[in-house]
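**Q** Coordinates for the following, if possible.
(chains A, B and C)
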Amino acid sequence: MSVLILLIAFSILIAGGFLIAFIWAVKEGQYDDDYTPSVRMLFDDKPGSDNKSSLLPKQ
Amino acid sequence: MQALEKFQYDNKIVRNFAFATIIWGVVGMLVGLWVALLMVFPQLNFTATAGKETIGLTFGRLRPLHTNAVIFAFVGNGIFMGYYYSIQRLLKARMASDLLSKIHFWGWQLIIVAAAVTIPLGMTTGKEYAELEWPIDIAITIIWVVFGWNMFATILKRRERHLYVAIWFYIATFVTVAVLHLVNSFEFPVSLFHSYSWYAGVQDALVQWWYGHNAVAFFLTTPYLGLMYYFMPKAANRPVFSYKLSIIHFWALIFLYIWAGPHHLLYTSLPNWAQSLGVVFSFMLIFPSWGGMINGLLTLRGAWDKVREDVILKFMVVAVTAYGMATFEGPMLSLKTVNAISHFTDWTIAHVHVGGLGWNGMLTFGILYWLIPKIFKVQLFSKRLANFHFWIATLGIIFYAVPMYWAGFQQASMWKQFTDAGQLKYQFIETVTYMQPFYAIRAFGGALFLVGAIVMMYNLFMTVAKGKLEANEEAEAPALEKTYHQHAGEHWHRRWERKPIPFLIATLIVILIGGIIELVPTFLIKSNVPTIASVKPYTPLELQGRDIYRREGCYTCHSQMIRPFRSETERYGEYSKAGEFVYDHPFQWGSKRTGPDLAREGTMNLKKSDSWHFNHMEEPQAISPGTIMPAYPYLIDKELDTASTAAKIRAMRTIGVPYREGYEYAANKDLMDQARKIQDNLLKDSIRVKPNAEILAVIAYLQRLGTDIEKNKLAENKN
Amino acid sequence: MKDALLNETKTQTRRKNTVQCYHCGEACDRSISADQKFFCCEGCKFVYQLLQENGLCNYYELSERPGIKVRGKFSSQRFAYLDNDEVKRKLLRFNDGNISHVNFYLPQMHCASCIWLLENLHTIDAGILFSKSDFQRKDLFIAFDPSKISLRKVVELLAFTGYEPYISLHDADKKKGRKVNRKKIFKIGVAGFCFMNIMMLSFPEYFSSGNIGNPALQKVFSYLNLVLSLPVFFYSANDFFISAWKGLRQKWLNIDAPIALAILVTFGRSIYEITSGSGAGYLDSMSGIVFFMLVGRWFQDMTYDSFSFDRDYKSYFPLGVTLLKDGNEETSTISALQSGDRILVRQNEMIPADAVVTKGQGYIDYSFVSGENTPVLKKGGELVYAGGKQLGAAIEMKVVNPVEQSYITQLWNNDVFMQQKNKDKSFIHPWSRYFTLILFLIAGGAALYWSYTDSSKIWPSVTAALIVACPCSLLLSATFTFGNMQRHFGKNKLYLKNASVIEALSKIDTIVFDKTGTLTYSAQANVLYQGDKLTNHEINMIYSLVKESIHPLSRIIKQDLIVSHPVHPLAVKDFRELAGKGLKGVVESKQLRLGSWHFITGDGFLRDPSLSGEVHISIDGVYKGYFKISNQYRDGVTEMIRTLSPKKYQLHVVSGDNDAEKRNLQSIFGAQARIMFGQSPQDKLNYINKLKNEGREVLMLGDGLNDAGALKQSDVGVAVSENTSQFTPACDAILDGRGVNKLHQFIQYARSGKKVITWSFILSILYNIVGLSFSVQALLSPLIAAILMPVSSISIVTFVTLATSFSAKNKGL
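**A** Take a look at the predicted model:
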């Protein structure tokens, strides 16, 4: 099953690549704020543009 | 020194991919309906004549067309549609290069067209979901790089520092699919549209399903999770339930998914531990998958009133629920005990369609309904039609899945039942006829789903007609604060280098090293699975026959893998050994038994006369009443292309099949001799046929199947 | 917790037809309006118009009435100190002349609209280049062009729109720079990654029962494992070694010691097995354990970023003051104040240091410092302690003691504030010590036994024992229990500083309450009118008069009138507010007087209405009646006190306030409870001290700066706060006012926590027995270890999670 070595090599390479990505992301501070981005992505980029209906359950 | 920058989003590319999605979606589903009907009315398998070339538009050729169309054309375009819309907005930047976007779009469509042409023409690698021949594979690689390049370039010039979780899912898709594609498409060309997989038998199978599973994972799942994380909050206009959870979801999924492949090969000749490996990891997948589903559904908590009136959210809810069901069922199916029942049956078909129709289909529809009016700056033409679509599609899924689950289960149990006398209770043909009504209902379900899609097409067309595309949507955002101070309070200029470059490089390295390791198998091939002395390479005629077998897509209905169960050994003979497949480029184990297994078609208990095969090919229903196998009359008139023999032998030798040097020159002689023998046998039963008719090759191949280790036995018996 | 913050709503009982301010949602009359929208005050209207002009009305679409009311008049003067270079230098995070960076803490941030507006500031003023908010930390980062807009103008813009940054002495001392502990995340990531891969490379071994039929492959796998395990051992796990080592150096065996040992042994033996080719090692178990334990710790240490648990007076005092140097004003930082300096204190500004009034009349609200609710009158020459807030018009003062030596800050020189509350007293450590002891005994026993029977098995059995019997399951149960409990407390608006508070809370037998803002609402109050029936017109007259006043009582009466009547304001002529007496003014040519009995009728003795809680009314000299204003107790507080009845806990009340409420309190608390008034911050501290010396475990609930010492001194100091993002003194936990009535449940829950842990310990001990039974027989295969590790870890984690959630439910949390 020598081909396994090949597959494992690839799998670990990919996983390793993502590990690097992960470390980069944390270093970069990507996850320092793990809430605001989820709200920010809802805004339209043109101020004044209509963005009706409340984001928050109305009280 | 940054200030407020004005820029424009490219909506044109989004529209193009959206249209492509709609059109290919309908086409793919249409073909799907067609193949579904073929299983109820085999008469619909007909032959078409293109020039002097006669081809059979049979299930074997159309099924790959369906799978490729829905996966790479419908879902593929769907991914890119959502991707181009969301990534520009998430990064607050136009795509780095409109040209690359255009190339990406047209390239992808060309590939699809090429596939739509070559597959029915029987140009296939014979590997499921990777049927496309090598030139198209290369094209795919190029287009994929274009797509990736454009993405990373855009990430580099982004105006939003934070990479929203969706983008991570896109990146994962790009990287992993690239590598999977490279590894699996590693084939040796014989001619422009013919090639042999570089790996053989078990190894080929392993690579294929490592690819196969991850294709599902990284083409049908991760990108769609990305889309879910963008479009669901957008459509509901409320933040995702827990952003933290979504981040954990991503990383957990990434570190797990890649390993789950081998569960597609349970009870095969793959080493046991390798199978179990697949099982465990597939099972663990349930946690991240459900994390994602729950996150998606909880996003709508407290907004169910909205869901009731908003059809878009309805589509998405069903999609996410289907995702949950599929990702729960998947791990279950990967449990050996369950798999023993489900594998080779229509259960699998049901499973993939819950995922395909439910998760991918419904989410795509939801996105389309949300996105088209948005970029065309109009209201949706008809909410009522959209609602109609929703209900008919949902019904369609139910009518599709339920009978298939039931049928699959029955099928399995009928295969496994024994009489008290210890005989198999059912002939295989009985199980086939039993399935008919279920296939019919399934076709009905599929039809409903298709109708829904067509209604959507009309609805969106009218919407587009009403509106006008805002090709370049105005937007403004401050340029990225280069020396941005994170709370971390690091030294400010360090931030300069902090860019995704390291990551880009990392991925490139991964792919580069991947490319280098591409060469490894050539060395690996030598050290191979335990060979069996009596297993010999195929004769030239058999080899040709095998290529026809592959061309006609016989593997889509016939497996060549006898699992070590009494029910199977009784029916098909001794279970398959790894050593039997060492010369199978590519492996033809198949994944579905609409027809019986053929691994030992040529051996004692299954052996049939040449003329039986001839007649069966010419008119199956005449020989085994109730069969749904298509007829292959044209194999009789069609002449075998002996010119290719030499090249094929040579190719085979290069990838490790021990044909002696220079055999390619003698090959055709042997071929003709063997052909004549069969010709004579047929003549005995007063069947006249040209000595170079393709059918002879096919018969030769079928008669050869499984005989190797039988010879072994005979030898043993002698001494 | 997120939701708690996000759904912050202004609770107000209102009649259907009272209008709400379109901007801030406060009940108001219909007098002020713009484009058919009503506003409670000019301030709100201005902000609306500002956003209107800049096309930012999306602000009002995103969430309902998101605005924040700006109290009092908006005076640009208050921010003059921000032009002071010293101040700028201290506040700016980065500045190169054409771009400046600054981070602000904005407690008011409460909804999506806030985020949206704060990140679109650049559309209001081009000088602002870029702004990014961090909702959970209530933090706003702004990059601006100092050549286009000054720091002061930035702050004024924010303040004007209702987001006045919380700038305090504290910010100046150390520049804002919250250290996110990314190391933890790295370690988890690395461990998780390696764990996954090691596991997947180890499985072949197990599934093929040790023979995967391809020795080459087998070698590749185990060596890959070895490589993958290195980062786990040397990077991810190093905290355990370090803390174990620290512990040992102080002759104290903490829980990390046995864990470190187990990891060490596992790693060592695995290396040996792999290199000698005698086995596959236990690397998957090792990395798994490390991974799970790291996750556990991370889960437990998830703190509430937006809260600060250790604010001292520094974060209460303003950063800048207005100095008076020979007649003209100039700004300076508070820390630069010298005794003898002359300073100017404007309306609503804080007295920055102990000082004597030299010009004007001080009308000082000490509620925050002393808990005393009544503004006090300070005439020229009188000494005013730092920390009070000037309600009246601007006054000039002469500094006596600079802030560090001021009366209020004396408190922080008390050594309570030096000492850290000891975290290591957790009962887990002794447990782990016994555990280790027993473990060694067993290992030794095994060794002894084998040395007689089969010496070749000594080493395997001993190492195996140390491998399986790692007390990680103890650690896991503790970390996950506490972690999950913190989440449940958080759900009920009690935000703990750290997990050790739970243990302290479970021991409590004495509870000390502060009154104002703790038992009672600090803002709301009960208003009861007694006297002749007032006509609508008269009500409007009274309303118009109080509307002019800034006195707390006036504000209370105004709000009450708005919600109970369809008032609309009338013009008020020559309005005057006489500190400590009342208000008078002419409304529609009628003389209107509100205030103390003496002020209205001239007879009786002079008593500030706030003390009596009575505000009398006369119109054109005709006595009408009076409003009786009494503290409003928090909903459910009285019931809560009853459940805490003396047989369970000793109850005390120490209030800085006057004894107006004494009778009320006594009736609620019952005769046994000790109730004291007029307590100075120091008194409170000493009182707690006394109780502790009597050997009681004390829980203190307070809200003000005056409770800071007591909170610090007590075993568990809980700061009560109307809005969890407002200023709270140093404490162990922050409790949202709405949660006060759950106090009893909280303590009960904390107690149940210990039970849960005990049970999970027993569970983990069982696993250890199983493991040891294998190991002492030298039968522990990597497979068994690999099964035992995740099974025990996961089952324990699930157990504690379910158990804590369940007990939370039936404790009514």
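**Q** Where does the prediction get shaky in the stretch 51-200 of chain B?
**A** Residues of the stretch 51-200 of chain B that meet the criterion pLDDT under 70 lie in B:51.
**Q** which parts of it sit against chain A?
**A** With the criterion set to CB under 8 Å from any CB of the partner chain, the stretch 51-200 of chain B comes near chain A through B:89-90, B:92, B:160-164, B:168, B:171-172, B:175-176, B:179, B:183, B:199. The C-beta positions use only the backbone N, C-alpha and C, and glycine is treated the same way.
**Q** biggest separation within those, which pair?
**A** Checking these against each other with CB to CB, the farthest-apart pair comes out as B:Lys92 and B:Tyr199, at 45.1 Å.
**Q** between these two, which one's more packed in?
**A** Looking at B:Lys92 and B:Tyr199 with other CB atoms under 10 Å in any protein chain shown, you find the greater number of neighbours at B:Tyr199, namely 30 against 20.
**Q** Okay, and the more buried one sits in which element?
**A** Assigned by DSSP states H and E, B:Tyr199 belongs to no helix or strand.
**Q** Just confirm it contacts A:Val3, I think it does.
**A** Yes - contact criterion CB atoms under 8 Å: B:Tyr199 and A:Val3 qualify, at 5.9 Å.
**Q** B:Ser559 and chain A, how far apart?
**A** When CB to the nearest CB, to the nearest Å is the yardstick, B:Ser559 and chain A sit 21 Å from each other.
**Q** Which residues are in contact with that residue?
**A** B:Phe344, B:Trp589, B:Gly590, B:Ser591, B:Lys592, B:Arg593, B:Asp597, B:Leu598, B:Ala599 (CB atoms under 8 Å, 6 or more residues apart in numbering or on different chains).
**Q** Checking the second one next. Helix, strand or coil?
**A** Reducing the assignment to helix, strand or coil with DSSP: H, G, I helix; E, B strand; the rest coil, the entry for B:Trp589 is coil.
**Q** hang on, it packs against B:Gln560?
**A** Yes - under the contact definition of CB under 8 Å, B:Trp589 touches B:Gln560, with a separation of 5.4 Å.
**Q** okay, and the common contacts of the two?
**A** Both B:Trp589 and B:Gln560 lack any common contact, where contact means CB under 8 Å, 6+ apart.
**Q** Of these two, which one has the most company?
**A** Using other CB under 10 Å, the more surrounded residue of B:Trp589 and B:Gln560 is B:Trp589, with 28 against 23.
**Q** From chain C, how far off is that one?
**A** Taken as CB to the nearest CB, the spacing of B:Trp589 relative to chain C amounts to 20 Å.
**Q** Then B:Thr654?
**A** Applying CB to the nearest CB to B:Thr654 and chain C gives a distance of 25 Å.
**Q** Name the nearest residue to that residue, ignoring sequence neighbours.
**A** Computed as CB to CB, 6 or more residues apart in numbering or on different chains, the closest residue to B:Thr654 that is not its neighbour in sequence is B:Phe188, at 6.3 Å.
**Q** who's that neighbour bridged to?
**A** Applying DSSP bridges to B:Phe188 yields these beta-bridge partners: B:Tyr196.
**Q** That one contacts B:Ser195, correct?
**A** Yes - taking CB under 8 Å as the definition, B:Phe188 is a contact partner of B:Ser195 at 5.8 Å.
**Q** which residues touch stretch C:512-522?
**A** So stretch C:512-522 is contacted by C:367, C:371, C:373, C:631-634, C:637, C:651-657, C:661, C:665, C:684, C:687-688, C:691, C:698-704, C:706-707, C:710, C:714, C:720, C:722, C:737, C:740 (CB under 8 Å, 6+ apart).
**Q** can you tell me which of the residues you listed are in helices?
**A** Of the contacts of stretch C:512-522, the ones assigned to helices by DSSP state H are C:Ser367, C:Val637, C:Leu665, C:Lys684, C:Tyr687, C:Ile688, C:Leu691, C:Ala710.
**Q** which of these lies closest to chain A?
**A** In terms of CB to the nearest CB, no member of those lies closer to chain A than C:Val637, at 23.6 Å.
**Q** which ones are touching the closest one?
**A** For C:Val637, the set of contacting residues under the criterion of CB under 8 Å, 6+ apart consists of C:Leu519, C:Ile668, C:Val740, C:Asn741.
**Q** now chain B, which segments are flagged as low pLDDT?
**A** Applying pLDDT under 70 to chain B flags residues B:1-3, B:50-51, B:255-269, B:481-531, B:711-719.
**Q** could you point out the longest helix in it?
**A** The single longest helix within chain B, with elements called by DSSP H, is helix B:428-466.
**Q** just chain A next, same as before
**A** If each helix of chain A is counted by residues according to DSSP H, the longest one is helix A:3-28.
**Q** I'd like the average pLDDT over that helix.
**A** Helix A:3-28 shows a mean pLDDT of 80 in the predicted model.
**Q** Packing partners of that helix?
**A** helix B:165-184, helix B:201-215, helix B:243-257, helix B:501-517, helix B:520-526, helix C:182-207, helix C:215-231 (3 or more CB pairs under 8 Å, 6 or more residues apart in numbering or on different chains; DSSP states H and E).
**Q** C:Phe207 contacts B:Gly278, correct?
**A** No - between C:Phe207 and B:Gly278 there is no contact under CB under 8 Å: 10.3 Å.
**Q** Just want to know which of these two has more residues nearby.
**A** Between C:Phe207 and B:Gly278, counting by other CB under 10 Å, B:Gly278 is the more crowded of the two (25 against 19).
**Q** so how far is C:Gly55 from B:Arg301?
**A** Separation of B:Arg301 from C:Gly55 (CB to CB, to the nearest Å) stands at 33 Å.
**Q** Just want the residue of the stretch 501-650 of chain C that's nearest chain B.
**A** Using CB to the nearest CB, the single residue of the stretch 501-650 of chain C nearest to chain B is C:Ile502, 22.3 Å away.
**Q** for the record, mean pLDDT for the helix or strand containing that residue?
**A** Using DSSP H and E, C:Ile502 maps to helix C:500-507. In this model, helix C:500-507 has a mean pLDDT of 86.
**Q** still on that earlier bit, what's the following helix or strand after the longest helix of chain A?
**A** Counting by DSSP H and E, the element after helix A:3-28 in chain order, helix or strand, is helix A:36-40.
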